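Novice: with the input below, show me the fold.
(2 chains)
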Amino acid sequence: MKTFQYRLQKKLNEVFILAPNSLGSPWLTRIYHEVSKFFKTMPFIIIIPFSFVASIILYLLLGSLVIKLVTILQYGF
Amino acid sequence: MNQINTENIIIDILSSVILVIRNFFGLIFYPYRSMRKISQERDYGQILTVFVLVFVYFKFAYFLRSDPYPASFIFLIFSLNLFVMVLFFYLIAKATKPNTDFAPFLFTLTYSLFPTLLWFASNSLLYLLVPPPRTLSFLGKAFSGFYLAYSFSLLVWKLILVYLSLRFSSKFSFFRIFYMFILFLVWFIPYSFLLYRLKIFRTPFI
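Specialist: Predicted coordinates:
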């Protein structure tokens, strides 16, 4: 029982290490919490499709400049 | 007695390596929870493990770069960069909250190097397998699209990890972290440009 209490206390201390984020106005705070929940667990479920869409948009906007950008980036290590 | 000491050191190193691997996967699947745990870490063997990984990468990149500085020199510059960055964020947080601890900054910002390391390592491999320049052919365009999406997703992951690092280390709110990051960029962008001009880093390794 004592071990359980200790572990529970430890977990609670860990979880409540931070005060909830407040952005000043209630609707901004709500938007922040709505958006940030997607990035807390398995963020790549959102990030990967978003990145593909972003790269397609970038290609449509910049055309062959994207190819040059990739060439520069490939030399960038 | 000596054998026991050696065994202890080996066990410590192995456990640090296992923890680094576990935290690495944790940062992919559960970045928030993992970064919260990392901010409470005090096992410096994990920092050492990440540093060894970075050094191995620099050794590998040394053979690919056309105008190379020795890998140990690049590693020294990288260590200095990281230390200055950690110190910068720590001092800003300390100025507002005097009871701020240094170790969470060191651990979380070191772990936030994973997307950088992954991008640099994969970029070097791709440089070997699919050497630039890219062309306007269908395959060239397809590869460029894939590469851009891949780089962009790692950049977003990196930004998430840096934000969580600063959030758990400084315990600041969103806007304070944002302002702190802008302040960081004010000196870091010209500094990166200097490193680029000196041909030390083409892309900042941070």
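
Novice: I'd say B:Arg36 and A:Ile17 touch.
Specialist: Yes: counting by Cβ atoms under 8 Å, B:Arg36 does reach A:Ile17; the two are 6.6 Å apart. Quick note: C-beta positions are derived from backbone N, CA and C, even for glycine.

Novice: of these two, give the one with the bigger neighbour count.
Specialist: B:Arg36 (18 against 13; other Cβ atoms under 10 Å in any protein chain shown).

Novice: ok, the closest residue to B:Thr49 other than its chain neighbours - contacts?
Specialist: Closest residue to B:Thr49 apart from its sequence neighbours, by Cβ to Cβ, 6 or more residues apart in numbering or on different chains: B:Val20 at 4.5 Å. When the contact criterion is Cβ atoms under 8 Å, 6 or more residues apart in numbering or on different chains, the partners of B:Val20 are B:46, B:49-50.

Novice: hmm, the host helix or strand of B:Leu159 touching chain A?
Specialist: Secondary structure assignment for B:Leu159, by DSSP states H and E: helix B:138-170. Yes: using Cβ under 8 Å from any Cβ of the partner chain, helix B:138-170 reaches chain A at B:140-141, B:143-145, B:147-153, B:156-157, B:160, B:167-168.

Novice: against chain A, how distant is the residue positioned nearest the centre of chain B?
Specialist: In chain B, the residue lying closest to the centroid (Cα atoms, centre = their mean) is B:Leu113, at 1.4 Å. Using Cβ to the nearest Cβ, to the nearest Å, B:Leu113 is found at 15 Å from chain A.

Novice: what does the pLDDT read for that residue?
Specialist: According to the prediction, B:Leu113 has pLDDT 97.

Novice: what's the burial count for B:Asp43?
Specialist: Under the neighbour criterion other Cβ under 10 Å, B:Asp43 is assigned a count of 14.

Novice: now B:Ile74
Specialist: 22.

Novice: could you find the closest non-adjacent residue to it?
Specialist: Distance criterion Cβ to Cβ, 6+ apart; nearest residue to B:Ile74, sequence neighbours excluded, is B:Phe58 at 5.0 Å.

Novice: quick one: the one you found and B:Leu76 touch, right?
Specialist: No: at 9.9 Å, B:Phe58 does not count as touching B:Leu76 under the criterion of Cβ under 8 Å.

Novice: give me the more crowded residue out of those two.
Specialist: B:Phe58 (22 against 13).

Novice: mind listing residues that contact whichever strand or helix holds B:Phe175?
Specialist: Taking DSSP H and E as the criterion, B:Phe175 maps to helix B:174-197. Residues from elsewhere that reach helix B:174-197 (Cβ under 8 Å, 6+ apart): A:21, A:23-24, A:32, B:77, B:85, B:88-89, B:92-93, B:96, B:162-163, B:166-167, B:170, B:172, B:201-202, B:204, B:206.

Novice: looking at those residues, which are in helices?
Specialist: When the contacts of helix B:174-197 are checked against helices (DSSP state H), the matches are A:32, B:77, B:85, B:88-89, B:92-93, B:96, B:162-163, B:166-167, B:170.

Novice: and B:Leu109, helix, strand or coil?
Specialist: helix (DSSP: H, G, I helix; E, B strand; the rest coil).

Novice: show me where pLDDT drops low in chain A?
Specialist: A:1 (pLDDT under 70).

Novice: which bits of it sit near chain B?
Specialist: A:14, A:17-19, A:21-24, A:32, A:39-44, A:47-48, A:50-52, A:54-56, A:58-59, A:64, A:66-71, A:73-77.

Novice: so among these, which ones count as buried?
Specialist: A:32, A:39, A:43-44, A:47, A:50-52, A:54-55, A:58-59, A:66-67, A:69-71, A:73-74, A:76-77 (16 or more other Cβ atoms under 10 Å in any protein chain shown).

Novice: that'll do, ta.
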